[in-house]
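Enquirer: this one's structure only:
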């Protein structure tokens, strides 16, 4: 009886040992079959190519812009743009030129969930913008007429330039996409809605254009457009 009991125990032990080895191999195979993709983290630098395209089509404009961002987490990027613009604005009774430098600093949030090793973005962002520039009133036309009392002075065009040193501050909301077309090389497209916070106005005139902000409308708002080519310098992956 004791011999049968010992034999049954040995058989059960061998069966459990074989099952444990099989389970261990299956778990190891699952671990080996799992591919963990690590996203690149680094500095991405590029240029806004829409500005030289605009300059080639519009002789009253010139400018350039350098763009950059740095990834700080899976979804968030610190972003910045710096540049220089010159724009000549012609209206019914005035001709003025604004030229100067600007910078915008803020962040982007990537709302797109990439598959496998993709590294694309559909992002929402926000910026704080600052611009220092000169605005020159090249010429303007005066016309004083009061029909009630019969006063009339013919139009008089003043061509003596008047230059003012100005500055502007604003915030902007950005929506855009970035697509990796080659390894570490990206093409991006974005639009922005800008809200003027404050600006220094020239005497007896108005700020019509601020570099980095673009045309300033009566409501103190503006719009922007970027078309960028950039390259990522990867520092690490995680």
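Expert: Looks like it came in fine. Everything quoted here is computed from the prediction, not taken from an experiment.

Enquirer: Three-state assignment for residue 53, please.
Expert: On the three-state scheme (DSSP: H, G, I helix; E, B strand; the rest coil), residue 53 is labelled helix.

Enquirer: Make 43 the starting number, not 1.
Expert: Right, with 43 as the first residue, what we last looked at is residue 95.

Enquirer: pLDDT weak spots in this structure?
Expert: For the chain, the stretches flagged by pLDDT under 70 are 43-79, 184-202.

Enquirer: how about the helices in it?
Expert: 44-75, 92-99 (DSSP state H).

Enquirer: Which residues in stretch 150-160 does the neighbour count mark as buried?
Expert: 150, 152 (16 or more other Cβ atoms under 10 Å). C-beta: built from backbone N, CA, C; applies to glycine.

Enquirer: Could you check how far it is from the centre of its chain?
Expert: Computed by Cα atoms, centre = their mean, to the nearest Å, the chain-centroid distance of stretch 150-160 equals 16 Å.

Enquirer: Can you give me the end-to-end span of it?
Expert: Using Cα to Cα, to the nearest Å, the end-to-end distance of stretch 150-160 comes to 18 Å.

Enquirer: who's in contact with it?
Expert: Identification of contacts with stretch 150-160 by Cβ atoms under 8 Å, 6 or more residues apart in numbering yields 79, 81, 111, 117-119, 121, 162-167, 216, 218, 222.

Enquirer: cutoff 7 Å now
Expert: 79, 111, 117, 118, 119, 121, 162, 163, 164, 165, 166, 167 (Cβ atoms under 7 Å, 6 or more residues apart in numbering).

Enquirer: Show the buried residues in the residues you listed.
Expert: 111, 118, 119, 121, 162, 163, 165, 167.

Enquirer: Surely the fifth one is in contact with residue 222?
Expert: Yes - with contacts counted by Cβ atoms under 7 Å, residue 162 reaches residue 222, the gap being 6.0 Å.

Enquirer: Write down the beta-bridge partners of residue 84, one by one.
Expert: Going by DSSP bridges, residue 84 is paired in beta bridges with residue 276.

Enquirer: Run a quick neighbour tally on it.
Expert: By the measure other Cβ atoms under 10 Å, the count of residues near residue 84 is 16.

Enquirer: any idea how far it lies from residue 278?
Expert: 7 Å (Cβ to Cβ, to the nearest Å).

Enquirer: same check, this time on residue 236
Expert: From residue 236 across to residue 278, the span is 35 Å (Cβ to Cβ).
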